[in-house]
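Enquirer: model this:
(one chain, ligands or ions: 1)
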Amino acid sequence: MTTQTTPETITLRTHLKDATRGAHQQAEEAVGLNRWLETRETYADYLEKLWQWHAAYEPAIVIQLPEAAKSFAIDRLPQLKADLAALGRNVPTPPKASVKLASPEAAVGAWYVVLGSSMGGAIIAKTAQKKLGDVPTAFLADPTVMRQAWPGFVGYLSTFVDPSKFASGEEGANTIFKSMQDHFSK
Ligand code: HEM
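Expert: Numbers count the residues shown, from 1 in each chain. A predicted model of the protein is given here:
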């Protein structure tokens with residue numbers, strides 16, 4: 001008897017995950033997590049660095065999202081600001097970044113990177129608490145993102161099955177991975 005397997009449908013979700021593996025690896029290396037998890041102060045520096053990027057880029061991306069994706073544009077900046085305040089840091093809101101995304105699919109690809117980064121964030125939060133004790137992690141381990149926004153957005157990405165849209169989604173995702181990589185390389 002032969003076993004038949006149904007080939008997995010390629011959607012924008014599966015495409016983005018496969019196509020940006022290398023970009024993820026490079027961004028992760030640029031962040032160089034260990035240097036930020038040495039002390040409570042370096043952890044605060046890490047959140048401050050994240051704040052500079054997220055507060056500048058998120059609004060610029062969200063405004064370009066198609067209407068159907070807006071419900072996944074959850075705003076976690078208040079959590080990030082609160083974590084920083086708990087660590088004794090008051091940070092100014094940076095000016096909105098200029099991000100030119102060529103199409104609605106590119107904006108969707110860009111948001112995939114922003115929201116998806118919270119998957120690693122949850123792991124980083126656990127590691128930080130293990131190493132540093134009770135540090136605030138409302139931004140990195142936001143349960144609303146993990147239980148609602150991310151699964152919902154993954155479902156939304158899976159509705160894109162037209163391969164002609166994949167290249168622009170990938171381009172948007174790579175633009176954002178690269179900008180995060182550059183931000184942490186400075
Ligand atoms: C700083 C070190 C980082 C670590 C340790 C890390 C770790 C991880 C891990 C373990 C996952 C998979 C989670 C799961 O499937 O349950 C993941 C997913 C993801 N990460 Fe990271 N990450 C890091 C940095 C970043 C950065 C800087 C970005 C982008 C700005 C990013 C974007 C993403 C995205 C988009 C996904 C979702 C992949 C998918 O399932 O399609 N990560 N990360």
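Enquirer: The protein: helices as residue ranges?
Expert: 12-19, 21-31, 40-62, 77-86, 104-132, 143-144, 150-157, 166-185 (DSSP state H).
Enquirer: For the residue nearest the centre of the chain, which residues are in contact?
Expert: In the chain, the residue lying closest to the centroid (C-alpha atoms, centre = their mean) is Val114, at 2.5 Å. Each residue near Val114 by C-beta atoms under 8 Å, 6 or more residues apart in numbering is listed here: 54, 57-58, 61, 176. From N, CA and C alone the C-beta is placed, and that goes for glycine too.
Enquirer: so what's it scoring on pLDDT?
Expert: The model reports Val114 with a pLDDT of 98.
Enquirer: Gln129: how many residues sit nearby?
Expert: For Gln129, the count of nearby residues is 16 (other C-beta atoms under 10 Å).
Enquirer: meant to ask about Val154, not that
Expert: 16.
Enquirer: And the contacts of the lowest-mean-pLDDT helix or strand in the chain?
Expert: Ranked by mean pLDDT, DSSP states H and E, the weakest helix or strand in the chain is helix 143-144, scoring a mean of 90. With contact meaning C-beta under 8 Å, 6+ apart, helix 143-144 is reached by Ile74.
Enquirer: can you rerun that using 10 Å?
Expert: For helix 143-144, contacts defined as C-beta atoms under 10 Å, 6 or more residues apart in numbering pick out 74, 76, 79, 118, 122, 150.
Enquirer: could I get the residues you listed as TSV with neighbour count and distance to the ligand?
Expert: TSV is the format used below for those (neighbours: other C-beta atoms under 10 Å; distance: C-beta to the nearest ligand atom, whole Å):
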residue	neighbour count	distance to the ligand
Ile74	18	15
Arg76	20	13
Gln79	18	17
Ser118	21	8
Ala122	17	8
Trp150	20	8
